[in-house]
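In: sharing a sequence plus its predicted fold:
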Amino acid sequence: MELRELVEELRQDWEEYRNQNINEQSTRDAFINRILDALGWEHHNLRKVRPEYTSSTGRADYALIKDGKPILFIEAKTLNDSLKDPKTIGQVDAYTSCEGLKYYILTNGMQWKVYDCSFLKPAPDKIVMDIDLRIEDYHKGVKALEVFTFGNDFNKNIQKEISKEEVEKAIKGLMNEPSNEFIKSIKQELPVYKNISREDIKTVLKELKDCFASGEVQMNETIKESVIIDKPPELIYPDTNIDPEPELSVYTEEMHLEGKSQVLINSYRKIDSFINNLSPDLTKEYNKMTLNWTYKNKTFCWLHIGRIGSIRTRALQIWLVIDYDELISPPDYIRSMIKEDGSKIGHYGSGSIEIKIEDTLQVEPILNYIKQAFDKVKSQTKQ
């Protein structure tokens, strides 16, 4: 049976049994094994699938086998399991890592969560694919599952699928909350219509996002009319007709943290707490793009949370007033902002080095560099 056809059947079974206490073995027999078979793995064939595979550090419910060696571990749970238990995820992560494998899966038959154990973050945060066959738009999940078809190089294909999902998220994010830079880029491409406003563009982007979500990507006439109607054409130079971004007179910490991931917020809180304990004479300023820490009118640290240009990124950027040459054994996520010819690389704020934080584990090693920048400014300030 083809995977798509099987999933349609399993969706009906799930509706029937979702509120019943279906145990793990029944979930394996009725859901997981059938999906593995549809993907070509033949769960009864020990050359392809090894149930209850025992490693030096644990036991996997399934090991997918290639050339006699495991290439992927699968942890099975009951049909109604939420797949959120951090202890379970941590155990699978541990023996996957010890076996030298990159990916592992947790599944209850209808949800297939793929993790990358190479990430330097808590195990539950290592999820890279979340395949849900229960939702209305399950066809996307079917296509994602096909990455794991027997014979595929799924290590390579997973990365492609992850890249596709991340780009799609970024595009949808820009459509839902378009940045000033994104709006400007669109307006610069408009050939003749002078009076298309920022709000008109946002309306169209939202409609397009909904079309993408429904699978209908062609903009309908209603959307076109909502923008073009009563707009007299007038040839202009596009870059002379860009609506200015309204400037705020007051920026707050809440504005900088709004919509950011918990990982970034936790990293920021840890850095903020450390800096605030350096001296009672510190002040913190909130600008449009950065948060700045100043000692007696001299700024030593600038921090930008999770957005670079027109594309959202999952990172903190920190700039400090110390030279790269002053650092002792700096990690690879620190770079100098001074070019070989002595000119500076453009960035928010000031400072001679840039630190990019993508995980809370990266925070602790850079706190000493922040203190080093503070000490440098303090030594230059008259007491």
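Out: Perfect, thanks for sending it.

In: C-alpha from now on. contacts and neighbour counts both.
Out: Noted.

In: three-state assignment of residue 63?
Out: Per DSSP: H, G, I helix; E, B strand; the rest coil, the secondary structure class of residue 63 is strand.

In: heads up, I number from 230, so please use that
Out: Okay, residue one is now 230; in that scheme the one you just asked about reads as residue 292.

In: now do the nearest residue to residue 582 once chain neighbours are set aside against residue 581, distance only.
Out: Closest residue in space to residue 582, ignoring its immediate chain neighbours: residue 565 at 4.5 Å, by C-alpha to C-alpha, 6 or more residues apart in numbering. As defined by C-alpha to C-alpha, to the nearest Å, residue 565 lies at a distance of 6 Å from residue 581.

In: quick one: common contacting residues for the two?
Out: By C-alpha atoms under 8 Å, 6 or more residues apart in numbering, residue 565 and residue 581 have these common neighbours: 552-553.

In: count of residues packed around residue 341?
Out: 23 (other C-alpha atoms under 10 Å).

In: sorry, slip of the keys, the one I care about is residue 397.
Out: When neighbours are defined as other C-alpha under 10 Å, residue 397 has 13 of them.

In: what helix or strand is it located in?
Out: Assessed by DSSP states H and E, residue 397 sits inside helix 383-405.

In: which is the next helix or strand following that helix?
Out: Tracing the chain C-terminally past helix 383-405 and defining elements by DSSP H and E, one meets helix 409-418 next.

In: and that next one, what's buried?
Out: Burial within helix 409-418, assessed by neighbour count using 16 or more other C-alpha atoms under 10 Å, is assigned to 409, 411-413, 416.

In: now stretch 372-381
Out: Residues of stretch 372-381 classed as buried under the neighbour-count rule (16+ other C-alpha under 10 Å) are 373-379.

In: repeat for stretch 596-612
Out: In terms of neighbour count (16+ other C-alpha under 10 Å), stretch 596-612 has its buried residues at 598-603, 606-607.

In: can you pull out the residues in contact with that stretch?
Out: Outside of stretch 596-612, the residues within contact range by C-alpha under 8 Å, 6+ apart are 500, 503-504, 507, 524-525, 527-530, 549-551, 556.

In: now for the residues you listed, which pair is the farthest apart?
Out: Considering C-alpha to C-alpha, no two members of the contacts of stretch 596-612 lie farther apart than 525 and 556, which are separated by 24.1 Å.

In: check which helix or strand covers residue 494.
Out: Mapping residue 494 onto the secondary structure by DSSP H and E places it in helix 491-505.

In: okay, the nearest residue to residue 310 once chain neighbours are set aside: pLDDT?
Out: Once its chain neighbours are removed from consideration, residue 310 has its nearest residue in residue 337; the separation is 6.3 Å (C-alpha to C-alpha, 6+ apart). With respect to pLDDT, residue 337 scores 97.

In: next: residue 476.
Out: In this prediction, residue 476 has a pLDDT value of 49.

In: domain-wise, how is the protein divided?
Out: 232-382, 406-469, 482-609 (automatic domain parsing).

In: the ones you listed: lowest mean pLDDT?
Out: Within these, confidence is poorest for domain 406-469, with a mean of 58 (mean pLDDT).

In: distance of residue 385 from residue 519?
Out: Shown here: residue 385 relative to residue 519, a distance of 37 Å by C-alpha to C-alpha.

In: name the residue in those two with the higher neighbour count.
Out: More neighbours surround residue 519 than the other of residue 385 and residue 519, with 20 against 10 (other C-alpha under 10 Å).

In: pretty sure residue 231 sits against residue 267.
Out: Yes: taking contacts as C-alpha atoms under 8 Å, residue 231 lies within contact range of residue 267: 6.1 Å.

In: who has more neighbours out of the two?
Out: For residue 231 versus residue 267, the count of surrounding residues by other C-alpha under 10 Å is larger for residue 267: 21 against 10.

In: hang on, that one packs against residue 236?
Out: No: contact between residue 267 and residue 236 fails when scored by C-alpha under 8 Å: they sit 9.6 Å apart.

In: returning to what we had before: inside strands: which ones of the contacts of stretch 596-612?
Out: The strands, defined by DSSP state E, take in 524, 527-530, 549 from the contacts of stretch 596-612.

In: related to what we said a few turns ago, which helices and strands does the next helix or strand along the chain from the helix holding residue 494 pack with?
Out: Following helix 491-505 in sequence order, the next helix or strand is strand 511-515 (DSSP H and E). Using 3 or more C-alpha pairs under 8 Å, 6 or more residues apart in numbering; DSSP states H and E as the contact criterion, the elements in contact with strand 511-515 are strand 520-524.
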